[in-house]
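Visitor: would you be able to build a 3D model of this:
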Amino acid sequence: MQQEAKRLLQTGKTIAFVPTMGYFHEGHLALMREGRKHGDALIISIFVNPTQFGPGEDFQGYPRDVNRDMSLAESVGVDVIFAPEAKAMYDKAYQTHIDLEMLPRYLCGPSRPGHFRGVATVVTKLFNIVKPHVAIFGKKDYQQLLIIQRMVRDLRLDIKIVGVPIVREADGLAMSSRNNYLSENERRSALSLFQSLQQAQETVAQGIRNARELIRGASELIRSYPYTKIDYVTVCDPETLEDVDRVDGPTLMALAVWVGKTRLIDNTILKPSNYSGSKFQGSRFKVRER
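Guide: Prediction:
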């Protein structure tokens, strides 16, 4: 892969890169289509990264189908697929990691200790191998996107990070490879995540700005469905992820909910109806209830 990247760069090609863990759905394909716009060569990776899974998480059971993924990637114009084995990425003596201080303390961080260290480390390694000019990430994993953006700034990496809006099913469920785990009944309950975000948006539009009220309403709606267990519901600053008391400008609302044995995440940007700012950042919030 490094040799191929060098060859592309030597011929003056710009490289767009989409890192994935595979088992593609329309959300992944949207990232690839966006990547196609940003480079002469579109490279994707397929790597289920063991260092971002904690004890008891679904590393072994994470869905995989490389042949299907290759066919879908080809259908949207991917030029190169990089699919390394774990032993090629981490040898037995491996001991170097990338750790951010603040952003991993919020949202999914407390429930998944070490997860974002694994994400930041593997993304850095992939950047060094693929040598992209542009890298594409989805806004469904908003915290991950923010962490990658911060890491690229802090380490002065010469890579443009592009965030792509959440892709949803027709009924509003955010697309995720883990949706495959849901039973028919659980999938109906999983709609409570999107519905709670919609409710919060409507509540803000009605003039209610208190974060605790928004969290309470979202939590009650989610708990009214069977099979659900809230990890967190938060309303927060979309740049720092710190809790806020009121929604006075674009504000991230994010949540993580267990539906049966499947942990799902979703988010949106709450925006007051009278907000006149020119910058709208698409998909976050915060205040936490466990």
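
Visitor: now the strands: where do they sit in the protein?
Guide: 15-20, 41-46, 80-82, 134-138, 160-164, 228-236, 251-259, 262-270 (DSSP state E).

Visitor: outline the domain layout of the chain.
Guide: As given by automatic domain parsing, the domain ranges for the chain are 2-164, 177-270.

Visitor: just these: most buried one?
Guide: domain 177-270 (a mean of 19; mean count of other Cβ atoms under 10 Å). Yep, even glycine has a C-beta here, placed from its N, CA and C like the rest.

Visitor: any idea how far apart the tips of that domain sit?
Guide: With Cα to Cα, to the nearest Å as the measure, domain 177-270 spans 26 Å from end to end.

Visitor: what distance separates it from the centre of its chain?
Guide: Computed by Cα atoms, centre = their mean, to the nearest Å, the chain-centroid distance of domain 177-270 equals 15 Å.

Visitor: not counting its neighbours along the chain, what's nearest residue 229?
Guide: residue 258 (4.2 Å; Cβ to Cβ, 6 or more residues apart in numbering).

Visitor: and stretch 133-150, end to end?
Guide: 17 Å.

Visitor: and if you look at stretch 60-77?
Guide: Stretch 60-77 end-to-end distance (Cα to Cα) = 30 Å.

Visitor: quick one: contacts of it?
Guide: The contact list for stretch 60-77, computed with Cβ atoms under 8 Å, 6 or more residues apart in numbering, reads 21-24, 28-29, 32-33, 36, 42, 44, 46, 48, 53, 81, 83, 177-178, 180.

Visitor: what about 10 Å?
Guide: 18, 20-26, 28-33, 35-36, 42, 44, 46, 48-50, 53, 78-81, 83, 177-181 (Cβ atoms under 10 Å, 6 or more residues apart in numbering).

Visitor: how about the helices in the stretch 51-200 of the chain?
Guide: 66-75, 86-89, 115-130, 142-154, 184-205 (DSSP state H, counting those that start in this stretch).

Visitor: which other helices and strands contact the fourth one?
Guide: Read that as helix 142-154. Applying 3 or more Cβ pairs under 10 Å, 6 or more residues apart in numbering; DSSP states H and E, one finds that helix 142-154 contacts helix 115-130, strand 134-138, strand 160-164, strand 251-259, strand 262-270.

Visitor: 6 Å - rerun?
Guide: Packing contacts for helix 142-154, counted by 3 or more Cβ pairs under 6 Å, 6 or more residues apart in numbering; DSSP states H and E, involve helix 115-130, strand 160-164.

Visitor: having no further points to raise, I will conclude here.
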